[in-house]
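J.: Kindly generate the corresponding structure for this input.
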Amino acid sequence: MSNLKAVILVGGYGTRLRPLTLSQPKPIIPFCNKPLVVYQIEALAKIGVTTVVLAISYKPEEMAKALEPYESKLSVKIKYSRESIPLGTAGPLSLMKKLLQEDSPDSPFFVLNSDIVSEFPFSDLLKFHYAHGKEGTIMVTTVTNPSKYGVVVYDQNSGKIDKFVEKPKNYVGNKINAGLYIFNPSILSQIEVRPTSLEKEIFPAMAASGQLYAMELHGFWMDVGQPKDYLIGMSKYLSHLQENDQEVQTLASGPNIIGPVLIHPSAKISPDSLIGPYVSIGPECFIETGVRLKHCTLMNNVHVEAHSWIKSSIIGWHCHIGKWVRMDNATVLGMDVSIHDEVFINGAKVLPHKCISESIIDPNAIIM
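T.: Take a look at the predicted model:
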């Protein structure tokens with residue numbers, strides 16, 4: 001198990017999380033006051049992964065600068081494999097074939113989609129992979145509405161995958177691909193350096209030859225690649241912290257807190273505000289009197305003036321919210337947005353550096 005490596009599929013522009021990704025690459029967007037991808041790197045380092053490779057095509061220098069402090073902190077090398085053209089989810093693995101096989105040519109390696117938050121049971125995944133001895137293992141998670149997803153059909157006893165059914169009209173199962181994998185290096189010989197999909201090309205072929213197994217992921221899971229799902233993932237993560245006695249001290253408490261709530265120590269919160277549940281407040285935020293925050297994220301240096309009401313929204317860096325403002329319905333403010341007093345925003349996406357002086361009722365509005 002020495003020299004374990006992992007690949008995180010970072011991808012491109014993060015268009016589904018705009019306007020936030022107009023200011024920062026998606027993997028380093030703050031999620032509960034930490035860059036999103038750091039949760040994955042921490043979990044990998046914890047089980048002995050020594051090298052993490054980010055497959056990237058957008059702003060690698062900015063990402064490297066943000067993640068550099070975590071290399072020494074977590075004792076892990078973070079490397080970058082840049083694609084000149086997008087190579088899908090499989091092509092990047094072929095591009096980094098030499099890197100993945102140096103020092104430990106026979107060791108399996110992890111592959112992760114960068115949008116995922118979960119409890120990351122990588123130790124269990126590794127044990128299961130070694131136990132069945134085949135080429136690949138993917139983690140699956142249970143969903144209530146499988147018709148929206150690609151369903152994984154597999155033997156519940158052995159884990160051997162039979163087939164994949166894309167958005168089934170009739171019920172065939174409720175387990176979907178969770179975006180967390182482990183492969184033997186032999187898979188690399190099956191992938192060319194061209195745009196290729198793990199899900200549509202490589203996995204079906206592996207399943208057909210009996211080389212792909214599934215392991216169910218227990219605990220919380222969410223793909224947080226778009227605003228509504230980001231907020232659901234935040235709620236699931238905060239609930240996980242609340243349920244985990246060892247980490248509950250990281251959460252805020254007090255007469256004006258309805259938990260779970262995460263508040264950075266540098267934030268200033270009026271005792272006459274009411275915060276929670278499911279709120280994350282970043283560094284240097286200032287919340288004035290009479291403010292109500294519920295199911296929302298505030299990134300760093302956000303100022304919310306008196307008596308404003310914010311629910312189900314993501315507030316980007318350095319935003320200023322006036323008095324008696326109301327925001328709801330997955331509103332997202334990019335960096336440095338200013339909202340005038342008494343404005344109502346109902347689900348709009350506001351691009352960076354805008355000043356909003358009138359209410360926005362259309363939930364599909366994009367303010368450019």
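J.: So what's the gap between stretch 101-116 and the chain middle?
T.: Relative to its parent chain, stretch 101-116 has a centroid offset of 19 Å by Cα atoms, centre = their mean, to the nearest Å.
J.: The helix or strand harbouring residue 72: what's the following helix or strand?
T.: For residue 72, the element it lies in under DSSP states H and E is helix 60-74. As assigned by DSSP H and E, the chain's next helix or strand after helix 60-74 is strand 77-82.
J.: by how many degrees do that following strand and helix 60-74 diverge?
T.: If you take axes from the mean of the first three to the mean of the last three Cα atoms, to 10 degrees, strand 77-82 sits at 160 degrees to helix 60-74.
J.: On the C-terminal side of strand 77-82, identify the next helix or strand.
T.: Assigned by DSSP H and E, the successor of strand 77-82 is helix 91-95.
J.: Without its sequence neighbours, what residue ends up closest to residue 57?
T.: residue 83 (4.4 Å; Cβ to Cβ, 6 or more residues apart in numbering). Backbone N, C-alpha and C define where each C-beta goes, glycine included.
J.: Also residue 223?
T.: residue 115 (5.0 Å).
J.: you'd agree the residue nearest to residue 57 is up against residue 96?
T.: No. If you go by Cβ atoms under 8 Å, residue 83 and residue 96 don't touch, sitting 10.0 Å apart.
J.: can you list residues touching both of those two?
T.: Jointly contacting residue 83 and residue 96 under the rule Cβ atoms under 8 Å, 6 or more residues apart in numbering are residue 55.
J.: quick one, phi psi at residue 6?
T.: Phi and psi for residue 6, reported as degrees, to the nearest 10, are phi -150, psi 150.
J.: So what's the predicted local confidence for the closest residue to residue 25 other than its chain neighbours?
T.: Take residue 25 and drop its neighbours on the chain: the residue closest to it by Cβ to Cβ, 6+ apart is residue 59, 4.5 Å away. At residue 59, the model reports a pLDDT of 70.
J.: other SSEs contacting the worst-scoring helix or strand of the chain on mean pLDDT?
T.: Counting by mean pLDDT, DSSP states H and E, the chain has its least confident helix or strand at helix 97-101, which shows a mean of 75. Judged by 3 or more Cβ pairs under 8 Å, 6 or more residues apart in numbering; DSSP states H and E, helix 97-101 is in contact with strand 4-11.
J.: And the strand it packs on, what does it pack against?
T.: Applying 3+ Cβ pairs under 8 Å, 6+ apart, one finds that strand 4-11 contacts helix 36-46, strand 49-56, helix 91-95, helix 97-101, strand 109-113.
J.: how far off helix 36-46 does the last one point, in degrees?
T.: If I follow you right, that is strand 109-113. Between strand 109-113 and helix 36-46, the angle comes out at 160 degrees (the same axes, to 10 degrees).
J.: ok, residues contacting strand 109-113?
T.: Contacts for strand 109-113 (Cβ under 8 Å, 6+ apart): 4-9, 40, 44, 49, 89, 93, 100, 122, 125, 179-183, 185, 198, 223.
J.: now the strands: where do they sit in the stretch 101-250 of the chain?
T.: For the stretch 101-250 of the chain, strands defined by DSSP state E, counting those that start in this stretch occupy the ranges 109-113, 116-118, 136-142, 150-154, 161-166, 175-183, 212-216, 221-223.
J.: so which of these gets nearest residue 283?
T.: Proximity to residue 283 (Cβ to Cβ) singles out strand 116-118 among those, at 20.3 Å.
J.: give me the beta-bridge partners of residue 320?
T.: residue 303, residue 338 (DSSP bridges).
J.: since we're on it, how many residues are nearby?
T.: 18 (other Cβ atoms under 10 Å).
J.: The residue lying closest to residue 315 once chain neighbours are set aside and residue 279, how far apart?
T.: In space, residue 315 comes closest to residue 298 once its chain neighbours are excluded; the distance is 4.7 Å by Cβ to Cβ, 6+ apart. According to Cβ to Cβ, to the nearest Å, residue 298 and residue 279 sit 8 Å apart.
J.: what's the burial count for the closest residue to residue 215 other than its chain neighbours?
T.: Leaving aside its chain neighbours, residue 215 sits nearest to residue 128 (4.8 Å; criterion: Cβ to Cβ, 6+ apart). The tally of other residues near residue 128 (other Cβ under 10 Å) stands at 18.
J.: Roughly how far does residue 128 sit from residue 265?
T.: Separation of residue 128 from residue 265 (Cβ to Cβ) stands at 39 Å.
J.: swap in residue 110?
T.: Noted for residue 110: a distance of 33 Å to residue 265, by Cβ to Cβ.
J.: re earlier: can you pull the contacts of the residue nearest to residue 215?
T.: Applying Cβ under 8 Å, 6+ apart, the residues near residue 128 are 137, 159, 213, 215.
J.: got it, and residue 309?
T.: Counting by Cβ under 8 Å, 6+ apart, residue 309 makes contact with 291-292, 325-327.
J.: Let me see the domain layout of the chain.
T.: Domain ranges of the chain: 4-223, 227-367, per automatic domain parsing.
J.: pLDDT weak spots in the stretch 201-350 of the chain?
T.: Applying pLDDT under 70 to the stretch 201-350 of the chain flags the ranges 245-249.
J.: Try it again at 80.
T.: 244-249 (pLDDT under 80).
J.: For it, just list every one of the helices.
T.: Listed in chain order, the helices of the stretch 201-350 of the chain (DSSP state H, counting those that start in this stretch) span 203-208, 227-243.
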